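Q: sequence and predicted structure below; questions after.
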Amino acid sequence: AQSVTQPDIHITVSEGASLELRCNYSYGATPYLFWYVQSPGQGLQLLLKYFSGDTLVQGIKGFEAEFKRSQSSFNLRKPSVHWSDAAEYFCAVGPILTGGGNKLTFGTGTQLKVEL
Amino acid sequence: KAGVTQTPRYLIKTRGQQVTLSCSPISGHRSVSWYQQTPGQGLQFLFEYFSETQRNKGNFPGRFSGRQFSNSRSEMNVSTLELGDSALYLCASSLEAGGGNTIYFGEGSWLTVV
């Protein structure tokens, strides 16, 4: 069965510092990977996705993620964190096959706190 | 272009009642899926509809049901509500099912069961 692990439940960084949120997945084939962000009381906003091709993907709000097949990882990075980035971040994996459905399996999330 | 729209945003129900939540996908999207989010269980897949047919179902009791209409709008229903059904219910839509389609989420419906 597919699974997603986000080993860090909480992370605190200073504004302006770099950020890396970890995500490891277990899947039978090359998966379809997402990062979403959720602000308090809100829904999920898509930051970026990896489907195929270049393993370094760029997203919105200055985020990027790198797919590493050998490590089954899809870590999210940002060079300089802003106070408005404080939120909960979710990594998710889904089926890649056309017609394979849209069932996403989510990690447990990483709560990011930004110190001013 | 409007995003995924969910109604109502907030509601309070009593144990034993039933509730219906509505989701309007992004225009042109034909796949709609539902998720339950709770502090204890996180984000869990409920079910997915494509062209009015349920394609996938998560591990939830039969009290949870859904449907999709010809205009791709979807509803989910929870009967005989329990306190544990209190959660944020999220709807997501995409153009097609799978194949690398981007999946967009709505703002969610907050259900409180008292």
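A: That came in fine, so what should we check first? On a predicted model such as this, the values are computed, not experimentally measured, just so you know.

Q: CA atoms only: put the helix or strand bottoming out on mean pLDDT in chain B into PDB for me.
A: Taking mean pLDDT, DSSP states H and E as the measure, the helix or strand of chain B with the lowest value is strand B:53-57, at a mean of 90. Presented in PDB, the C-alpha positions along strand B:53-57 are these (Å, rounded to 0.1, in the frame of the first residue of the first chain):
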ATOM      1  CA  THR B  53     -19.800   7.100 -11.400                       C
ATOM      2  CA  GLN B  54     -18.100   6.300  -8.100                       C
ATOM      3  CA  ARG B  55     -14.600   5.200  -9.000                       C
ATOM      4  CA  ASN B  56     -12.900   4.800  -5.700                       C
ATOM      5  CA  LYS B  57     -14.100   4.500  -2.100                       C
END
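
Q: got the buried residues for the next helix-or-strand element following it?
A: Taking DSSP states H and E as the definition, the helix or strand that follows strand B:53-57 towards the C-terminus is strand B:64-68. Neighbour-count burial for strand B:64-68 flags B:64-66, B:68 (criterion: 16 or more other C-beta atoms under 10 Å in any protein chain shown). To be clear about C-beta, it is placed using only N, CA and C from the backbone, and glycine gets the same treatment.

Q: which one of these is nearest to A:A1?
A: For those, the residue nearest A:A1 by C-beta to C-beta is B:F64; the value is 20.5 Å.

Q: how about residue 68, nearest residue that isn't a chain neighbour?
A: Defaulting to chain A. In space, and not counting its chain neighbours, A:K68 is closest to A:T55: 7.0 Å by C-beta to C-beta, 6 or more residues apart in numbering or on different chains.

Q: right idea, wrong chain: chain B
A: Of all residues beyond its chain neighbours, the one nearest B:Q68 is B:Y49 (3.7 Å), with distances taken as C-beta to C-beta, 6+ apart.

Q: most centrally placed residue in chain B?
A: B:W34 (3.2 Å; C-alpha atoms, centre = their mean).

Q: give me phi/psi at the spatially closest residue to B:R67 that is not a sequence neighbour?
A: The shortest distance from B:R67 to any non-neighbouring residue, by C-beta to C-beta, 6+ apart, is to B:E75 (5.8 Å). In terms of degrees, to the nearest 10, the main-chain angles of B:E75 are phi -130, psi 150.

Q: per-residue confidence for B:E75?
A: Model confidence at B:E75, expressed as pLDDT, equals 98.

Q: contact partners for residue 46?
A: Defaulting to chain A. Remark: with contacts taken as C-beta atoms under 8 Å, 6 or more residues apart in numbering or on different chains, A:L46 is in contact with A:34-36, A:59-60, B:102-105.

Q: sorry, should have said chain B
A: Under the criterion of C-beta under 8 Å, 6+ apart, the neighbours of B:L46 are B:33-36, B:57-58, B:60, B:64, B:66, B:76, B:89.

Q: keep only those that also lie close to chain A.
A: The subset of those within reach of chain A, by C-beta under 8 Å from any C-beta of the partner chain, is B:33, B:35, B:58.

Q: bridging residues for the closest residue to the first one other than its chain neighbours?
A: Same thing as B:S33. Closest residue to B:S33 apart from its sequence neighbours, by C-beta to C-beta, 6+ apart: B:E48 at 3.9 Å. Going by DSSP bridges, B:E48 is paired in beta bridges with B:S33, B:N56.
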